[in-house]
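Visitor: structure for this input, please:
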Amino acid sequence: MKTSIVFLLCISVFPGFSQGRVVGEDEIGFAECNVFFPGQVPPEGFTEPFHVKICQQYNKEPRFATLYSTKDKIPLYSAFKYTKPAQNEEENWLVEPQIDDPENDLHEMVHEADVAGTVANLGANQALTSDYVGSGYERGLLNPSSLNEEDFQMATYTLTNAVPLSPSLSKSWHRDIGRVVEQALVPHCSKKDHLYLLAGAIPSSTRVKSKVSVPETLWLAACCDAPQGWSLGLVKKVNDEKSLVDLTVGELEKQLLTGVQLFKGSCGEDNQSQEKTEAILQAVSQIRSGEQVGTSDNQEAKDSGLVRKVAGIIATPFIKLLELLIYVFVELVKFIFYFLWLVIKWAGATVLDGVYNLWKGVVSYLKAISMVLISIPYDVGRVIVNIFLGFLQIVQDVVTLTCKILSIPVRFVLHLAAFPYQSICAIPSVLKDIATGIGGTFSLVIDATAALLHGFYYLAGHILKRFVPKISSDD
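Guide: Next comes the predicted model:
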């Protein structure tokens, strides 16, 4: 939710928002940006896992394609078509959130300050503005803004299209490429919209702030995919700003990764128009020689060039300081807006919580009242039923007491009437019991007398048996 709101604020502050979509692995080539390659077939041979395909867009339209190295944190090439020279250059630098955080919900390029803290590992796989501040390098565009117009130009100002270049080399590269494309290539391609351009860089081991690779070579490959077409390669060594070597696309491919093929079918290199190729090479040679003549026409030109160079050296620290101050000011303004947004969000959340609690209390109150109103008829009916049941209990108790009171005399009379009968009837039983007792007594006396006599008899016999044999034995 927070990320989406920040993104909406960015759109409102920066109209014509630039977009850069990371192309998925399940998509063919560069998806909708395949139109920037001859036959819609991108270069082959760039297969490292740290190579990321980006379809650079602006105002929801594809503007050019970029193959980005998350290892070197620079683009390996940008593919584009020539539109026409730019009328103005308004820099508006952006970053690609999905390169660092593929799981985030931002599928479009945004300003670096607007996603600080919302994109995980921002800067882990791509260069940031902070990597260039105070480094002595500029953000050199592979796809030069000067060769694009309007929306195409605005789309070029992304850090995924920039490599670290010294200020003088950046100026030399853009000047040379601009003149070659406009004066040598465009006039010799019968269909301007069939002129396909690849601008690339070969990374080196030199790093800016131990992070962003400084290219050792800049190159341009052009293909006129039209009848009597042609292809051409140009190379500029970083350590020689005045160098500009023309070569075939096949020769250029040998300086890149093994197995690289920049154009499908080498853009008809075997069947290209020799006449146009020679005319292009002659134009490139004139541009090259024109630069040399222009730098040695007379001593006055040298002196003025020296003065401009010295002035540039003196002014560079102040310009960099001004850029830093502007950057700090912009970041401060962004922070203030972000802080105000947090305050508004907190206040809104507080108000919403209060309204929610108030609504919850009102609902609970209405619910309680409804329950009470619903229970009133039930309670009244229950009271009436209890009163009726109590009345019936009273009637029952009165009837029971009356019956008990009335039943006392009746039982007494019945017992009194039955007494003589029961007394007379009991006399035979009593006499029988008396006779039984007397008979039992006589029987007991007789039994006792018989038992006593039997005892005396037994005793006398025992005595006689004990003493009479002894007397006989003595005699």
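Visitor: Glu48 should be in a strand, yeah?
Guide: No: if the criterion is DSSP: H, G, I helix; E, B strand; the rest coil, then Glu48 is coil and not within a strand.
Visitor: contacts only, for it.
Guide: Applying Cβ atoms under 8 Å, 6 or more residues apart in numbering, we find Glu48 in contact with 69, 71. The C-beta positions use only the backbone N, C-alpha and C, and glycine is treated the same way.
Visitor: can you offset everything so residue one is 174?
Guide: Taking 174 as the first residue, the last one we looked at is Glu221.
Visitor: and Val387, that one's in a helix?
Guide: No: Val387 sits outside any helix when classified using three-state DSSP, being strand.
Visitor: residues near it, how many?
Guide: By the criterion of other Cβ atoms under 10 Å, Val387 has 20 neighbours.
Visitor: now the one 10 residues further on
Guide: Each residue near Cys397 was counted by other Cβ under 10 Å, and the total is 28.
Visitor: who does it bridge with?
Guide: Listed beta-bridge partners, Cys397: Leu368, Trp403 (assigned using DSSP bridges).
Visitor: correct me if wrong: it contacts His367.
Guide: Yes: using Cβ atoms under 8 Å, Cys397 is in contact with His367, at 6.2 Å.
Visitor: stretch 411-422: how far from the chain's middle?
Guide: Between the centre of stretch 411-422 and the centre of its host chain there is 46 Å, according to Cα atoms, centre = their mean, to the nearest Å.
Visitor: what are the buried residues along it?
Guide: Residues of stretch 411-422 classed as buried by neighbour count (16 or more other Cβ atoms under 10 Å): 411, 414, 417-422.
Visitor: give me the lowest-pLDDT entry from those residues.
Guide: In terms of pLDDT, the lowest of these is Glu414, showing 82.
Visitor: wait, what's in contact with that one?
Guide: Glu414 sits in contact with 341-342, 345, where contact means Cβ under 8 Å, 6+ apart.
Visitor: the nearest residue to Val422 once chain neighbours are set aside - how many residues pack around it?
Guide: Spatial nearest neighbour of Val422, excluding adjacent residues (Cβ to Cβ, 6 or more residues apart in numbering): Ser404 at 4.6 Å. Neighbour count of Ser404, defined by other Cβ under 10 Å: 25.
Visitor: and the one helix or strand Ala395 maps to, how far from the chain's centre?
Guide: Ala395 belongs to strand 385-397 when assigned by DSSP states H and E. Chain-centre distance of strand 385-397: 36 Å, with Cα atoms, centre = their mean.
Visitor: quick one: mean pLDDT for that strand?
Guide: Strand 385-397 comes out at a mean pLDDT of 92.
Visitor: what do you get for stretch 322-341?
Guide: For stretch 322-341, the per-residue pLDDT averages 87.
Visitor: got the end-to-end distance for it?
Guide: One end of stretch 322-341 sits 24 Å from the other (Cα to Cα, to the nearest Å).
Visitor: for it, buried residues please.
Guide: For stretch 322-341, the neighbour count (16+ other Cβ under 10 Å) marks 322, 324-338, 340 as buried.
Visitor: in strands, which of the residues you listed fall?
Guide: Judged by DSSP state E, the subset of these located in strands is 335-338.
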